[in-house]
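J.: here's a sequence, model it:
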Amino acid sequence: MDIPNSGVIESMSYSKQSGIEAGSIPRVLISADRSSSGKTTISMGLMAALVSRGYKVQSFKVALDYIDPSYHTEITGRFCRNLDGYLMDDDGILDVYSHACETGDGADIAIIEGVRGLYEGFESLSDLGSTAQIAKILKCPVVFVINARSITRSSAALISGYKNFDPDVEIAGVVLNNIGGRRHAEKAKEAIEYYTGVPVIGIIPRDPAMQISMRHLGLMPALEGRRRLGDGGFEDRLRGIEEIITKGIDVDRFLEIARSAKPLKSSENSIFSPAAGAGSPGPRIGIALDEAFNFYYHDNIDLLELAGAEIVYFSPIKDPGLPDVDGLYIGGGYPELFAAELEANESMRMSIKEASAAGMPIYAECGGLMYLTEKISTGVPGKGTYHDASMPESTYSMVGALPGHTIMGQTRVVSYNIGTLDRDCLLGKEGNSFKGHEFHHSEIREIPDDAEFAITLSRGTGIKGDQDGLIVGNTLGSYAHLHGVSYRELAGSFVEAARKFRASRASR
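T.: Sure, this is the predicted structure:
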């Protein structure tokens, strides 16, 4: 299968360039006082501007979002990576950072997009899980975006408060967004620089071209945006954002701020090292990748390869059946929006169900879980369509490898979760625990009383109360999303399950 992107990605496979010192490259973190301040489009525009200048830009996203990183990846040609201070310890964050910057032919600069407000995190009295925590761990200067609509002098008070709240976070520059005109810009800039000493390096006017289509989990993913707008329309949208940013932000000042970052030490005992025996012919793991399924942390895919797997991509929408593989990984996404197409591809659905019945290890997260159930209902009366994800009232047949009926609706679960494995399974040994997260607008009903689950959650909402990881044979689907740097048994356990299945097939 051809990977459905712009063709600029350096490789879907893991490779690492020796000699690149990740801790010494320029880096900067882009944050804001709150969500919807414009930091995502401004981050995208700056990445595009630097790529146009010939820079190899490595991007990162704070927290566990999938959609913003899809745009970063499209723009930079390098896979965006996620950094989360609640799931990952300091060494894990340094490890992800170094691995990303050193992969391929190495990066020239790192740009990290924050999440929500600079200090929003897991707790009210610490910076755990916040953008500020990442800034401190990676010694990153911060460029702070303000939605300055209807404020001028007050913007100086805002910057002063954020700057003084935690002196260990270096706010090194300000970008004013949503500026109404020349006088508005002059007053806000003069006030900020006079009262706080922080330079204003960018002024972005109000412009509808800066808007990106919204969806119930955030932005429309890049793969779908490219499909809906067409390659030309999609590129035009990104080019328009780049032009606005290049005109409004002093890119040379931005680079100076990035170059001011202090050197970092490399992490010790990197998880991104080949496992023993990984060089021998390993199992082939199929990964679902198309408009319906594209929520993956690329670190997980790298870790599967490092554990010895060969990665094979396929499309549940377009391909008639599974490729020759020994295991399946079906990530999250929007199967509800492509339910008619998924239903229409009956040969693929039957192929996956037969693989499940044969004992192939199949791991499905959230959207993948929904696809593996018996059916999906959309547009349920009284359940709403949330934002502009308009869906008809209908029910669609899905794979049926797992029992249950997925209902789309107003249920909205957004949370970190903590779980324990209740049995040995493709995710690891009984008693293993993990921290993960969940983000969905669906619920699964009509689950049989004798259904089996592999996970008990001590925090979060499972498929059925505190139970997650619905399991039939060697097929497991969960609402929990896992990151391989947080739950380190993930890649090795899954690859070993695929290796055993491969061996069992060979011995028949």
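J.: so which residues of this structure form helices?
T.: 39-52, 67-76, 90-102, 131-137, 154-165, 182-196, 222-248, 251-259, 298-306, 339-344, 346-357, 367-372, 490-506 (DSSP state H).
J.: mean neighbour count, distance to Thr395 and mean pLDDT for those helices - can I get that in CSV?
T.: Where C-beta positions appear, they are placed from N, C-alpha and C, glycine not excepted. Below are the helices of the chain laid out as CSV (neighbours: other CB atoms under 10 Å; distance: least, CB to CB, whole Å; pLDDT from 0 to 100):
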stretch, mean neighbour count, distance to Thr395, mean pLDDT
helix 39-52, 24, 35, 95
helix 67-76, 24, 27, 92
helix 90-102, 22, 41, 96
helix 131-137, 24, 41, 98
helix 154-165, 17, 49, 97
helix 182-196, 17, 52, 97
helix 222-248, 17, 23, 73
helix 251-259, 18, 50, 98
helix 298-306, 23, 32, 97
helix 339-344, 18, 9, 97
helix 346-357, 18, 15, 98
helix 367-372, 28, 13, 98
helix 490-506, 20, 32, 96
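J.: figure out which of those is closest to Asp449.
T.: helix 367-372 (19.3 Å; CB to CB).
J.: what sits up against the closest one?
T.: For helix 367-372, the surrounding residues in contact (CB atoms under 8 Å, 6 or more residues apart in numbering) are 288, 292-293, 295, 316, 329-336, 342, 352, 356, 362, 364, 376, 398-402, 406, 442, 444, 463, 470, 475, 477-479.
J.: could you dump the helices of the chain to TSV with distance to Pro381?
T.: Shown next, in TSV, are these (distance: least, CB to CB, whole Å):
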stretch	distance to Pro381
helix 39-52	34
helix 67-76	28
helix 90-102	44
helix 131-137	40
helix 154-165	44
helix 182-196	46
helix 222-248	26
helix 251-259	50
helix 298-306	38
helix 339-344	17
helix 346-357	27
helix 367-372	20
helix 490-506	39
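J.: these: which one's closest to Ser31?
T.: Using CB to CB, the helices of the chain put helix 131-137 closest to Ser31, at 4.9 Å.
J.: keeping just the C-alphas, turn the closest one into CSV.
T.: C-alpha atoms of helix 131-137 as CSV (Å, rounded to 0.1, in the frame of the first residue of the first chain):
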residue,chain,number,x,y,z
THR,A,131,4.0,22.8,28.9
ALA,A,132,6.0,24.6,31.5
GLN,A,133,7.4,21.3,32.8
ILE,A,134,8.6,20.3,29.4
ALA,A,135,10.2,23.8,28.9
LYS,A,136,12.2,23.3,32.1
ILE,A,137,13.2,19.7,31.4
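J.: which secondary structure elements does that helix sit against?
T.: Counting contacts by 3 or more CB pairs under 8 Å, 6 or more residues apart in numbering; DSSP states H and E, helix 131-137 packs against strand 27-32, helix 90-102.
J.: got a markdown table for those, with distance to Asp449 too?
T.: Conversion of the helices and strands packed on helix 131-137 to a markdown table gives the following (distance: least, CB to CB, whole Å):
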| stretch | distance to Asp449 |
| --- | --- |
| strand 27-32 | 48 |
| helix 90-102 | 40 |
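J.: for the ones you listed, which one sits closest to Thr73?
T.: For those, proximity to Thr73 was assessed by CB to CB; helix 90-102 is nearest, at 11.3 Å.
J.: what packs against the closest one?
T.: strand 57-62, strand 81-83, strand 109-113, helix 131-137, helix 298-306.
J.: run a quick neighbour tally on His405.
T.: 16 (other CB atoms under 10 Å).
J.: wait, it touches Glu374, no?
T.: Yes - here His405 reaches Glu374: they are 6.1 Å apart, a contact under CB atoms under 8 Å.
J.: pull up the overlap in contacts between those two.
T.: Glu446.
J.: list the beta-bridge partners for the residue lying closest to Leu118 once chain neighbours are set aside.
T.: Among residues not flanking Leu118 along the chain, Ser31 sits closest, at 4.4 Å (CB to CB, 6 or more residues apart in numbering). For Ser31, the beta-bridge partners under DSSP bridges are Phe144.
J.: could you chop this structure up by domain?
T.: Under automatic domain parsing, the residue ranges defining each domain of the chain are 28-259, 284-506.
J.: with distance to Glu268 as added columns, please give those in a markdown table.
T.: What follows is those, written out as a markdown table (distance: least, CB to CB, whole Å):
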| stretch | distance to Glu268 |
| --- | --- |
| domain 28-259 | 6 |
| domain 284-506 | 14 |
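J.: among those, which is nearest Ser266?
T.: Of these, the one closest to Ser266 (CB to CB) turns out to be domain 28-259, at 5.5 Å.
J.: just how off-centre is the closest one within its chain?
T.: 15 Å (CA atoms, centre = their mean, to the nearest Å).
J.: next, name the residue at the spatial heart of this protein.
T.: Tyr66 (2.4 Å; CA atoms, centre = their mean).
J.: pLDDT value on that residue, please?
T.: On pLDDT, Tyr66 comes in at 89.
J.: shouldn't it be in contact with Phe293?
T.: No - applying CB under 8 Å as the test, Tyr66 and Phe293 come out as separate, 10.8 Å apart.
J.: mutual contacts of the two, please.
T.: In contact with both Tyr66 and Phe293: Gly332, using CB under 8 Å, 6+ apart.
J.: point out where the stretch 401-508 of the chain drops to low pLDDT.
T.: Filtered on pLDDT under 70, the stretch 401-508 of the chain yields the residue ranges 410.
J.: mind checking how far Arg502 is from Ala307?
T.: As judged by CB to CB, to the nearest Å, Arg502 and Ala307 stand 14 Å apart.
J.: what's the answer for Ser37, then?
T.: 39 Å.
J.: the more surrounded of these two?
T.: Ala307 (25 against 22).
J.: surely the more buried one and Ala275 touch.
T.: Yes - shown here, Ala307 and Ala275 form a contact pair, counting by CB under 8 Å, at 4.9 Å.
J.: so for these two, which residues contact both of them?
T.: By CB under 8 Å, 6+ apart, the residues touching both Ala307 and Ala275 are Gly492.
J.: count of residues packed around Arg284?
T.: 16.
J.: contacts only, for it.
T.: Per CB under 8 Å, 6+ apart, neighbours of Arg284: 309-312, 323-327, 498, 502.
J.: now tabulate the residues you listed in TSV and tack on distance to Leu87.
T.: Output for the contacts of Arg284, formatted as TSV (distance: CB to CB, whole Å):
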residue	distance to Leu87
Ala309	23
Glu310	27
Ile311	23
Val312	28
Pro323	31
Asp324	34
Val325	28
Asp326	28
Gly327	24
Ala498	25
Arg502	31
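J.: filter the residues you listed down to the buried ones, ChimeraX style.
T.: Restricted to buried positions by 16 or more other CB atoms under 10 Å, the ChimeraX selection for the contacts of Arg284 reads:
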select :309,310,311,312,325,326,327,498,502
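J.: ok so, going back, state the distance from the spatially closest residue to the residue nearest to the centre of the chain that is not a sequence neighbour to Phe272.
T.: Leaving out its chain neighbours, the residue that sits closest to Tyr66 by CB to CB, 6+ apart is Phe295, at 4.0 Å. As judged by CB to CB, Phe295 and Phe272 stand 21 Å apart.
J.: ok, which of the helices of the chain comes nearest Ser433?
T.: If you check each of these against Ser433 by CB to CB, helix 490-506 wins as the nearest, at 12.4 Å.
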